[in-house]
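Student: what would the 3D arrangement of this be:
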Amino acid sequence: MAKTAKQIAAERAAKQQATLDAIITQAKNAGASAEEAYIAAWVAMAESSLGANLRGKRR
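Tutor: Residues are numbered from 1 along each chain as shown. Here you go, the predicted structure:
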């Protein structure tokens, strides 16, 4: 049975949250404050998203 758009979106959101949680944990383990860890996670996700959007496009 094919997945619905809602199921796909939920899976994508769960993966994104797991990635954010992993980055936050790594940053905290490296000595970052909670705020710095959250900032690092969101910056990493933004960079990843930007890279995915630009992949394959030429200037």
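
Student: ok, Ile8 - how many residues close by?
Tutor: 11 (other CB atoms under 10 Å). Every residue, glycine included, has its C-beta placed from N, CA and C.

Student: for it, give me the pLDDT.
Tutor: Listed pLDDT for Ile8 reads 94.

Student: so how far is whichever strand or helix holds Lys6 off the chain centroid?
Tutor: Assigned by DSSP states H and E, Lys6 belongs to helix 5-29. With CA atoms, centre = their mean, to the nearest Å as the basis, helix 5-29 stands 6 Å off its chain's centre.

Student: look up how far Lys3 lies from Leu50.
Tutor: Distance, Leu50 to Lys3, using CB to CB, to the nearest Å: 27 Å.

Student: state the distance from the nearest residue to Leu20 once chain neighbours are set aside to Gly31.
Tutor: Excluding the flanking residues, the one nearest Leu20 by CB to CB, 6 or more residues apart in numbering is Ala41, at 4.6 Å. Separation of Ala41 from Gly31 (CB to CB) stands at 15 Å.

Student: what of Ala9?
Tutor: Distance from Ala9 to Gly31, by CB to CB: 35 Å.

Student: now swap in Ala2 and tell me
Tutor: 46 Å.

Student: ok, Ile23 next?
Tutor: Ile23 is 14 Å from Gly31, by CB to CB.
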